[in-house]
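> Turn this into a model:
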Amino acid sequence: MTPGPAPRTHAPAPTPPAPAWTERALVRDGVRLVLRDWGGEGRPFVLLHGLAGHVGEWDALARRLRADGHRVVALDQRGHGASERHPADVSRAAYVADVLAVLDELGLRNAVLVGQSYGGHAALLAAAHLATAHGPSHLSGAVLVEAGPAGITPRTVADVGDWLRAWPVPFPTREAAVAHLGGGPVGEGWADGLEERDGGLWPRFDPEVMVASLTEDAGRSWWEEWAAIGVPVLSVVGQHGFVERAEYEEMARLLPALRGVCLPGAGHDLHLERPEVLHRLVTEFLAGTPCPGVDSKA
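Got it, this is the predicted structure:
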């Protein structure tokens, strides 16, 4: 019997590069929370997205901070993304307790909390709680992007709900989603948070959960908590964002050491529009906020 041709040999398929982050999960009070853990050994950062957002909004900043040697973690907050979509408790206290659980579970000490919009509010309240309960040494700073302690009106809550319910879902294509969600880097960032199922792209949140999460903010403010923060704070706002001059001026009056920057031409989602600028501002901010046990000058 004549032997057949030798079998062809194929070069092994290239191994796809490992993601720069790993997914981690923790359970607090029965609610599953999912994190992107970027690793690192330096100063810890915890990144918190805004209402109806997702953990991936921070990827551009996280990569830069990780390249600088920092320890970086980003959280899909309850009700969002890969975390529990329908938690029973959507109070401000629950969101804050989640942040504290991340710090404790991962052993993050002298961390910097970075939050945008609703996530910035969670960072503000978590910083105030830590300062009151443990003293400011539990954190080394907070960066609030388009966030402050002033409350919102019931009309604003209703408008946000109407906007979220009006999304024409499922989006048939990513291009359609990007266009509807603002186009450019903002639309791209929002579209990154969608999931594909049933032949289209769907948001990874329930609008009614988002509205319920906002309800506690209607008709009240958080100035007492703001004044209790005992660590350096950087406030970054957009020229066309939501933080009004009067609110910022009161923030600065109550915390005279507050550092503030307004980005010309930027809007509420400036972390998506200008991640490289935000990284520079955070880096400059860190230069004046030593981290005990990490920074050599501490």
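> helix/strand/coil for residue 225?
What DSSP: H, G, I helix; E, B strand; the rest coil gives for residue 225 is helix.
> meant to ask about residue 78, not that
Per three-state DSSP, the secondary structure class of residue 78 is coil.
> Quickly find the element holding residue 33.
Assigned by DSSP states H and E, residue 33 belongs to strand 31-39.
> That strand pairs with which strands, parallel or anti?
strand 22-28 (antiparallel), strand 71-76 (antiparallel) (DSSP bridges).
> quick one: average pLDDT of the last one?
Taken as a whole, strand 71-76 has a mean pLDDT of 98.
> Show the subsequent helix or strand relative to that strand.
For strand 71-76, the following helix or strand on the C-terminal side (DSSP H and E) is helix 92-105.
> Next, the angle from that next one to strand 31-39.
40 degrees (axes from the mean of the first three to the mean of the last three CA atoms, to 10 degrees).
> Tell me the buried residues in helix 92-105?
For helix 92-105, the buried set under the neighbour-count rule, 16 or more other CB atoms under 10 Å, comprises 92, 94, 95, 96, 97, 98, 99, 100, 101, 102, 103. Placement of C-beta: from N, CA and C, glycine included.
> And stretch 243-263, by the same measure?
So, applying 16+ other CB under 10 Å, buried residues of stretch 243-263: 243, 247, 248, 250, 251, 255, 258, 259, 260, 263.
> now stretch 71-87: how far from the chain's centre is it?
With CA atoms, centre = their mean, to the nearest Å as the basis, stretch 71-87 stands 9 Å off its chain's centre.
> any idea which element the residue nearest to residue 207 when sequence neighbours are not counted lies in?
Here the nearest residue to residue 207 in space, its sequence neighbours aside, is residue 164; by CB to CB, 6 or more residues apart in numbering that works out to 3.9 Å. Taking DSSP H and E as the definition, one finds residue 164 inside helix 154-165.
> cool, residue 124 as well?
Using DSSP H and E, residue 124 sits within helix 118-133.
> Next SSE downstream of that helix?
Downstream of helix 118-133, the next assigned helix or strand under DSSP H and E is strand 139-145.
> Now do that following strand and helix 118-133, the angle between them.
Using the same axes, to 10 degrees: strand 139-145 against helix 118-133 is 150 degrees.
> I'd like the numbering to begin with 9 instead of 1 from here.
That works, and once the first residue is 9, the last one we named lands at strand 147-153.
> average pLDDT for strand 147-153?
Strand 147-153 comes out with an average pLDDT of 96.
> same thing with stretch 228-237?
On average, the pLDDT along stretch 228-237 is 96.
> Export that stretch to CSV, keeping only CA atoms.
C-alpha atoms of stretch 228-237 as CSV (Å, rounded to 0.1, in the frame of the first residue of the first chain):
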residue,chain,number,x,y,z
ARG,A,228,-32.1,67.7,48.8
SER,A,229,-28.4,68.5,48.8
TRP,A,230,-25.2,67.1,50.3
TRP,A,231,-23.3,70.2,51.5
GLU,A,232,-22.7,68.8,55.0
GLU,A,233,-21.1,65.7,53.6
TRP,A,234,-19.0,67.9,51.2
ALA,A,235,-17.7,70.0,54.1
ALA,A,236,-16.6,66.8,55.9
ILE,A,237,-14.2,65.6,53.3
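> Next, count neighbours for the residue lying closest to residue 226 once chain neighbours are set aside.
For residue 226, ignoring the flanking residues on the chain, the nearest one in space by CB to CB, 6+ apart is residue 162 at 4.6 Å. Using other CB atoms under 10 Å, residue 162 is surrounded by 12 other residues.
> for residue 237, same thing?
Quick note: residue 237 (other CB under 10 Å) scores 27 neighbours.
> cool, and the one 4 residues further on?
Here the neighbour count serves as a burial measure; for residue 241 (other CB under 10 Å) it reads 23.
> Show the contacting residues for it.
135, 149, 150, 151, 152, 263, 265, 266, 267 (CB atoms under 8 Å, 6 or more residues apart in numbering).
> In TSV: those, plus distance to residue 277.
Listed next are the contacts of residue 241 as TSV, based on distance: CB to CB, whole Å:
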residue	distance to residue 277
135	22
149	22
150	19
151	15
152	14
263	25
265	27
266	22
267	21
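> now the strands for the stretch 159-306 of the chain?
For the stretch 159-306 of the chain, the strands defined by DSSP state E, counting those that start in this stretch cover 203-205, 208-210, 241-246, 267-271.
> Out of those, which gets nearest to residue 62?
strand 203-205 (9.8 Å; CB to CB).
> The closest one: partners in the sheet, and parallel or antiparallel?
For strand 203-205, pairing defined by DSSP bridges yields strand 208-210 (antiparallel).
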